[in-house]
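Q: I would like to see how this sequence folds:
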Amino acid sequence: MIENPQENLDQTMLRFKTAVGHWSAAQPGATAGRHFVLPEKRRFAVLPRIGWAVAVAGLFLALSPLYRALTTTTPEVADNVLFEQVDAAVSQTVPQPMRPLLNLIAVDGNEQENYETPTKQ
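A: Have a look, this model is predicted:
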């Protein structure tokens, strides 16, 4: 099994280049030309990685104030919203889970339609 396919490809291309060079030199009227040289592999490309890291960090820093502005609410607004939710839940005459039972109860011989307790006059 091939351990490193890139090394195998590099060796194969080097052999091919050498074979073509020998064949070309054996041809009548051949002249020595420039040879193609494979560039050396760089193990770690540090500069592009640092560039991407700086770009991501800059984007994060640029967008963080916008995120904070969109997600923060004043305590007064949060208190008002909570008060309205509690008020809506407390002001119900019949709790939500018990509302279907009101259909079974007859008020003055009629079934109650609006789920509210009748007022005495």
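
Q: what about Gln11, which helix or strand?
A: helix 5-26 (DSSP states H and E).

Q: distance of Thr74 from Pro5?
A: Per C-beta to C-beta, to the nearest Å, Thr74 is found 60 Å from Pro5. (Each C-beta comes from the backbone N, C-alpha and C, glycine too.)

Q: before we move on, what about Trp52?
A: From Trp52 across to Pro5, the span is 26 Å (C-beta to C-beta).

Q: ranking helices and strands of the chain by mean pLDDT, which lands last?
A: In the chain, no helix or strand scores lower on mean pLDDT, DSSP states H and E than strand 110-111, which sits at a mean of 52.

Q: low-confidence ranges, the chain, go.
A: Applying pLDDT under 70 to the chain flags the ranges 1-2, 30-36, 38, 41-47, 73, 92, 106-121.

Q: for the residue lying farthest from the centre of it, what are phi and psi?
A: Of all residues in the chain, Pro28 has its C-alpha farthest from the mean position, at 63.0 Å, by C-alpha atoms, centre = their mean. Dihedral angles of Pro28 (phi, psi; degrees, to the nearest 10) stand at phi -70, psi 140.

Q: any idea how far it is from Gln85?
A: Pro28 is 95 Å from Gln85, by C-beta to C-beta.

Q: with Lys17 instead?
A: Going from Lys17 to Gln85 by C-beta to C-beta gives 76 Å.

Q: number of residues surrounding Val54?
A: 10 (other C-beta atoms under 10 Å).

Q: heads up, I number from 245, so please use that
A: Shifting the count to begin at 245 puts that one at Val298.

Q: what about it, which helix or strand?
A: According to DSSP H and E, Val298 maps onto helix 290-315.

Q: right, and the helix or strand after that helix?
A: Following helix 290-315 in sequence order, the next helix or strand is helix 319-334 (DSSP H and E).

Q: run the chain-centre distance for that next one.
A: Mean-position distance between helix 319-334 and its chain equals 33 Å (C-alpha atoms, centre = their mean, to the nearest Å).

Q: by contact count, what packs against the helix or strand following it?
A: Using DSSP H and E, the helix or strand that directly follows helix 319-334 along the chain is helix 343-346. Contact partners of helix 343-346 among helices and strands, from 3 or more C-beta pairs under 8 Å, 6 or more residues apart in numbering; DSSP states H and E: none.
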